[in-house]
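Undergrad: Could you work out the structure for the sequence below:
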Amino acid sequence: MKLDMHCHTKEGSPDGKLELLENIDILKQKGYQGMLITDHNSYKAYRYYKKLKKKPKDFVVSYIVFEFKNYGKKITQREIYTTEKYLFGTALRKVAIIISRQGNDDHALQAAKGSLRESGKLILCLSDADLLEMAAIKLQGSDEPAVFLSNMLDRLLVHLEK
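TA: Predicted structure coming up:
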């Protein structure tokens with residue numbers, strides 16, 4: 001599935017230049033099957049989409065939080081807890097991906113597991129090396145980068161304490 005992983009909408013973000021449905025039309029013309037709305041501090045566009053009686057066929061719209069940290073060291077549990085505050089079910093967002101140069105330390109991993117176990121909030125941490133590996137997977141055509149993320153999620157769930 002080909003997704004646009006970073007879409008701002010006019011309805012929900014000052015960065016958005018196109019309305020949600022215009023965005024969808026253009027993406028469909030370019031061969032995309034879905035989009036992730038990444039509006040800043042707003043879920044208006046996603047709410048609007050969920051209320052549409054006639055949704056575009058064969059197109060997936062979802063909402064996700066991406067956080068980018070240009071740190072020289074691994075992120076800590078502090079960054080996990082800060083990101084967790086942006087995730088809440090009534091805002092239709094319970095998933096975040098934190099991308100940082102060095103990835104996360106063990107305490108950050110434990111905090112992410114706790115967030116998932118206690119609140120149902122999924123926080124995945126990716127490093128530069130993870131992004132490079134996903135790019136290599138895509139270039140080799142051996143698999144989809146989404147499989148890498150799926151495997152990462154599987155490892156997190158398998159090692160999730162009760």
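
Undergrad: what's near enough to touch K30?
TA: By CB atoms under 8 Å, 6 or more residues apart in numbering, the contact list for K30 is empty. All C-beta spots, glycine's among them, are computed from the backbone N, C-alpha and C.

Undergrad: where does it land on pLDDT?
TA: Per-residue confidence (pLDDT) for K30: 91.

Undergrad: again with M5
TA: 72.

Undergrad: the strands in this protein, which residues?
TA: Listed in chain order, the strands of the chain (DSSP state E) span 3-7, 34-37, 60-63, 65-69, 95-100, 122-126.

Undergrad: Now tabulate the ones you listed in a markdown table and tack on mean neighbour count and distance to P14.
TA: Shown next, in a markdown table, are these (neighbours: other CB atoms under 10 Å; distance: least, CB to CB, whole Å):
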| stretch | mean neighbour count | distance to P14 |
| --- | --- | --- |
| strand 3-7 | 16 | 14 |
| strand 34-37 | 22 | 14 |
| strand 60-63 | 18 | 17 |
| strand 65-69 | 16 | 17 |
| strand 95-100 | 20 | 21 |
| strand 122-126 | 22 | 25 |
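
Undergrad: possible to save those as CSV with distance to M134?
TA: Formatted as CSV, those follow (distance: least, CB to CB, whole Å):
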stretch, distance to M134
strand 3-7, 11
strand 34-37, 15
strand 60-63, 18
strand 65-69, 14
strand 95-100, 11
strand 122-126, 8
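
Undergrad: Out of those strands, which gets nearest to D106?
TA: strand 122-126 (11.4 Å; CB to CB).

Undergrad: can you state the direction angle for that closest one and strand 95-100?
TA: Interaxial angle of strand 122-126 relative to strand 95-100 (axes from the mean of the first three to the mean of the last three CA atoms, to 10 degrees): 20 degrees.

Undergrad: Many thanks, I have nothing further to ask.
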